[in-house]
Structure formats: structure tokens, C-alpha cells
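1. Fold the following.
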Amino acid sequence: MRHVTSYGRIKTGKALISLLLIAAIVAACSRQPAEAPAEQSPQRHFPSDADIQALIQSRVDENRATGIVVGVMEADGSTRILSAGEPGPGAQPFGPRSVFEIGSITKVFTSILLADMVAKGEVSLDDPVAKYLPEDEVTIPSRNDREITLLDIATHRSALPGMPDNFTPADDTNPYADYTVEQMYDFLSKHELRRDIGAAPEYSNLAVGLLGHALARVYGGSYEDLVRERILEPLSMNNTGITLSDDMQYWLVKGHNMDGEVVANWDIPTLAGAGALRSDMNDMLLFIAANTGPAETPLEEVMRDSHRRRNDFGENMDIGLNWLIQRAGDDTVIWHNGGTGGYRTFAGFDPESGVGAVVLTNSNHGSDDIGLHLINSDIPLALPPEEHTEIEVSAEVLERYVGDYQLAPNFVITVTLQDAALFAQATGQQNIPIFPESETEFFYKVVDAQITFVVDDSGAVTQLILHQNGADMPAPKQ
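-> The predicted structure follows:
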């Protein structure tokens with residue numbers, strides 16, 4: 001018998017990739033609405049420095065973070081930066097210039113590039129992505145005479161899976177490094193879509209990586225050159241990029257897994273538009289400032305266009321161009337998170353009050369709740385994860401849970417038995433092991449989530465219930 005928390009370590013890059021997808025879609029879509037106050041005021045203020053410091057220090061003390069840097073921007077544009085924890089062996093002490101991998105926050109940079117190219121007449125949102133790819137090298141899948149458009153991709157309604165099935169990294173500690181454009185083209189050319197394009201949201205690293213690749217082809221250069229010319233240089237984000245400059249390398253903090261062990265940085269060449277950027281707090285607060293308040297430049301105007309609601313994205317959640325739009329009572333928070341092997345990050349703002357927050361961490365613990373709560377105190381902080389004790393359960397009992405469980409119309413959790421252990425695979429994601437703490441209750445180790453299998457009086461399994469972020473989501477067995 002082993003005593004562990006639900007944040008234990010899985011040692012493969014594939015499992016970490018799945019963690020990011022679960023965090024981005026299941027957790028986000030399951031948040032419950034906050035009750036609106038009797039009298040809602042757009043004016044919001046952040047807690048004091050002492051209160052913010054106490055909050056982030058508690059995360060470190062509870063082993064829910066290795067290190068955290070938090071930046072807040074008040075409605076008047078003033079900013080504050082606080083930090084807690086350790087940057088890792090040999091790294092410079094935490095500060096405004098500490099560099100982190102920002103992971104999927106890169107996706108909103110990609111969507112701003114898309115909006116900018118639309119404004120300049122270089123592309124149209126309704127253009128098929130195939131228009132900007134070499135037709136002699138790749139065939140983009142279609143369905144019912146409907147092609148995947150740039151807008152479909154930017155709203156996660158492309159019907160493409162989260163990751164391609166030919167993603168087989170040689171080095172799990174740096175899983176994206178050897179995935180090539182040729183492999184991406186090969187997968188797309190052979191893939192058959194499982195659902196209608198535009199029918200339902202499905203968070204896809206593959207699709208947004210493809211979008212970044214297509215936009216770079218329109219530009220005629222690399223994705224990094226494009227994002228630098230169109231966004232980073234105009235905003236004076238001089239410590240942000242994909243390739244680490246000498247200065248960025250000097251300030252780079254060490255990423256850690258959930259056990260506090262240093263892990264490798266990730267290189268994401270082919271799917272760069274989905275998660276390759278690195279940045280520091282100074283630059284990220286410049287980015288948040290440019291996204292709030294009245295637009296004063298053409299770039300800020302296309303940023304506002306990227307925020308505009310385009311579709312729903314689950315309960316209490318809409319989506320703009322990659323930006324998630326969280327409803328909280330009468331308020332909204334526009335945000336995105338990110339995660340790589342050793343970092344978790346958050347950036348968001350309230351478009352009405354004009355406040356914003358950025359949370360950069362150098363371990364693979366979730367931090368979204370801190371950012372959301374700082375922006376809107378009606379959104380609660382996450383409780384510490386419960387401790388879970390793994391027990392032995394017979395293969396005969398485990399076998400009865402094997403099957404497909406439908407969580408949403410186009411979102412299925414497939415449970416399989418492999419080497420006397422249960423695995424759960426959500427639509428478009430990798431297989432992740434789940435561990436028993438009773439004959440019917442199981443827990444993940446890569447994310448604070450649990451599964452309960454419901455058994456009727458005859459012993460038949462009728463459904464599973466996914467427990468995450470305070471929500472209980474039933475999924476009937478098919």
C-alpha cells in the first residue's frame with residue numbers, strides 16, 4: 001500500500017501532454033458560476049502585497065509549487081510583482097526578468113497574429129487552412145463537403161484531435177523536439193475526422209500548431225520571426241521568444257515536476273504556435289496592458305478583435321480567437337493558461353474593470369485559480385488536493401470497468417485494462433493511468449481529479465463520475 005497525493009509523478013512526456021489537455025478543457029469547462037453580488041461594481045482592487053505574498057508562500061509551503069512569480073496590474077496601469085519559492089539550482093533569484101516557458105499562452109499570440117493578418121487582408125477567417133499549405137505535400141481532412149477553416153482552428157472546432165497519433169517522441173523529457181513538419185503532414189493526409197467540423201469544441205495542440213505553421217508560410221518566414229515582428233517588437237517585449245538569447249538564458253529558471261525534481265526544457269519546432277514561447281513577468285505585464293483599455297494602435301485593435309466571443313466552450317465558458325472567456329456572475333475574465341514539462345502559467349484580465357494578472361510557476365502544479373481569483377475574487381481559490389492511498393484491486397474487478405463512457409456529445413472517456421492497471425483516455429488525448437483507492441474509486445496522479453464507477457444492484461457498471469475542480473461530471477457507460 002502506498003500513500004500518495006493526487007499530484008504524484010508520471011515519468012513520460014506523453015502523460016504530461018495529456019495533463020495539459022485535461023487542464024485546458026475539462027477543468028475550464030467544469031467551473032461553476034460565481035454568484036453575482038447584489039450590487040455589481042466594475043471597480044476592482046487587488047489584495048495587499050502582504051496578502052498576495054502569504055497566498056503564494058502557502059502554495060510553496062504546502063508543496064503545491066516549487067516557485068511562483070505573480071504580477072498584477074491595477075486599472076490605472078500600475079503593476080506589482082511578488083515571488084515565493086526557489087528558481088532551481090544555479091538559476092538567478094526570482095525577479096521581474098525571470099524567464100519561464102509559457103506553454104499554451106502562446107496560442108493567444110497565434111490568434112493575435114491571425115487577427116492581424118485578417119486586418120491586413122493577408123488571410124480571411126473563413127479561408128480553409130489548406131489554402132496556405134502545399135497541396136502536393138499534404139491533404140487536409142474534410143467531412144461532409146466542409147473544410148477546416150482558420151476560424152475553426154482558432155475556436156478549437158476543427159474536429160482535429162488534441163495530438164496526432166504518430167507523435168512518438170524519442171525523448172520523453174523533450175517530447176516535441178523531434179516531431180517534424182513531414183510527420184504532421186503525413187498524419188493530416190491520412191486522418192479521418194471523427195465528427196463534423198464546427199460541431200463541438202475539442203482543445204487541440206495539433207490544430208493551433210498547424211495554424212501557426214500556416215500563418216508563418218503566409219508571412220514567408222519562421223513563426224518566431226513573425227511573432228517577433230508583429231507583436232514582440234511593437235510591445236517592447238525584449239525578453240520573450242522561442243530561441244533563448246544570452247540574456248534569456250541567464251534569467252531562465254529551472255522547471256520542476258510535481259516531486260520537485262528538475263526537468264528538461266521543451267523545444268517545440270513544428271507546433272510552435274501551440275506552445276513554444278518563453279517570457280518573463282515584465283514582458284507579460286506589457287502584454288496584458290496592451291490587451292486592456294481603449295485601443296490606441298492597430299495592434300491593440302486586433303487584440304480587441306481576438307477577444308470577441310466567437311462560440312461557446314462549455315458551461316460558463318465562451319471562446320474568442322483562442323482566448324477563453326470565463327463568466328463569473330455579471331463579470332467576465334478573458335484568459336489562457338499554459339504548461340510544459342516543468343512550468344505552469346496563467347495570463348488574464350477583466351475587460352470591464354481593466355485589471356489583469358499573470359502567474360508564472362516553475363513546477364507542474366496548477367496555478368490558474370490564483371490568477372482567476374486575483375482578477376475576480378468571486379472565483380474561489382482551489383482547495384489543497386486530498387491525499388489518496390493506492391490499494392490493490394483484483395483484475396477481475398478492474399475488468400468490469402473497461403468500456404466507453406460518454407461525458408459530452410463528442411467527448412468520451414475510454415477505460416482500458418493494461419498489465420493489471422486501469423487507464424483512462426479522453427477523446428483526442430493520450431492514455432493516462434488511474435489508481436484505485438477502493439473498488440469503485442480511482443484517482444489520477446498527474447492532475448487533481450478522481451473517477452468513481454457506479455455499480456447497480458446486479459453488479460453492472462452503469463456510469464463513471466469525473467470529479468474535478470469541485471464539479472461532479474457523470475458519464476454513462478455506452
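
2. wait, what's in contact with residue 218?
-> 117, 122, 123, 132 (CB atoms under 8 Å, 6 or more residues apart in numbering). (C-beta placed from N, C-alpha, C; glycine too.)

3. Quick check on the residues you listed: which are buried?
-> Neighbour counting by 16 or more other CB atoms under 10 Å classes 117, 123, 132 among the contacts of residue 218 as buried.

4. For the second one, give me its contacts.
-> What it means is residue 123. Residue 123 neighbours (CB under 8 Å, 6+ apart): 114, 117, 132, 150, 215, 218.

5. switch the cut-off to 7 Å
-> 117, 150, 218 (CB atoms under 7 Å, 6 or more residues apart in numbering).

6. right, and out of these, which lies closest to residue 285?
-> Checking these against residue 285 with CB to CB, the nearest one is residue 117 at 25.7 Å.

7. so how far is the helix or strand hosting the closest one from its chain's centroid?
-> For residue 117, the element it lies in under DSSP states H and E is helix 106-119. Distance, stretch centre to chain centre, for helix 106-119: 17 Å (CA atoms, centre = their mean, to the nearest Å).

8. neighbouring contacts of that helix?
-> Contacts for helix 106-119 (CB under 7 Å, 6+ apart): 123-125, 150, 154, 208, 211-212, 215, 218, 226-227, 230-231, 273-277, 298-299, 302-303, 305-306, 321-323, 336, 338.

9. Just the buried residues from those residues, in PyMOL please.
-> A single PyMOL command is used to select the members of those judged buried by 16+ other CB under 10 Å:
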select buried, resi 123+125+150+154+208+211+212+215+226+227+230+231+273+274+275+276+277+299+302+303+305+306+321+322+323+336+338
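
10. Looking at the contacts of helix 106-119, which are in strands?
-> 336, 338 (DSSP state E).

11. thought residue 73 was touching residue 355?
-> Yes. With contact defined as CB atoms under 7 Å, residue 73 reaches residue 355; the gap is 6.3 Å.

12. quick revisit: format the contacts of residue 123 as a markdown table; extra columns: pLDDT.
-> A markdown table is the format used below for the contacts of residue 123 (pLDDT from 0 to 100):
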| residue | pLDDT |
| --- | --- |
| 117 | 98 |
| 150 | 98 |
| 218 | 98 |
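
13. Out of those residues, which is nearest to residue 443?
-> Closest to residue 443, out of all of the contacts of residue 123 and judged by CB to CB, is residue 150, at 39.3 Å.

14. How about the contacts made by that closest one?
-> Neighbours of residue 150 in contact, by CB under 7 Å, 6+ apart: 114, 123, 125, 127, 129, 211.

15. can we see that at 6 Å?
-> Residue 150 sits next to 125, 127, 129 when contact means CB atoms under 6 Å, 6 or more residues apart in numbering.

16. now do residue 64
-> Applying CB under 6 Å, 6+ apart, the residues contacting residue 64 are residue 365.

17. before we move on, which element is it in?
-> Applying DSSP H and E, one finds residue 64 in no helix or strand.

18. Ramachandran angles for it?
-> phi -100, psi 10 (degrees, to the nearest 10).

19. How about residue 92?
-> According to degrees, to the nearest 10, residue 92 has phi -70, psi 150.

20. Likewise for the one 10 residues further on?
-> Taking degrees, to the nearest 10, you get phi -100, psi 0 for the backbone angles of residue 102.

21. I figured it was touching residue 280, is that so?
-> No. Assessed by CB atoms under 6 Å, residue 102 is found out of contact with residue 280, at 9.6 Å.

22. Settle it for me: which of these two has more neighbours?
-> residue 102 (31 against 28; other CB atoms under 10 Å).

23. Next one, pLDDT for the more buried one please.
-> If you check residue 102, the pLDDT there is 98.
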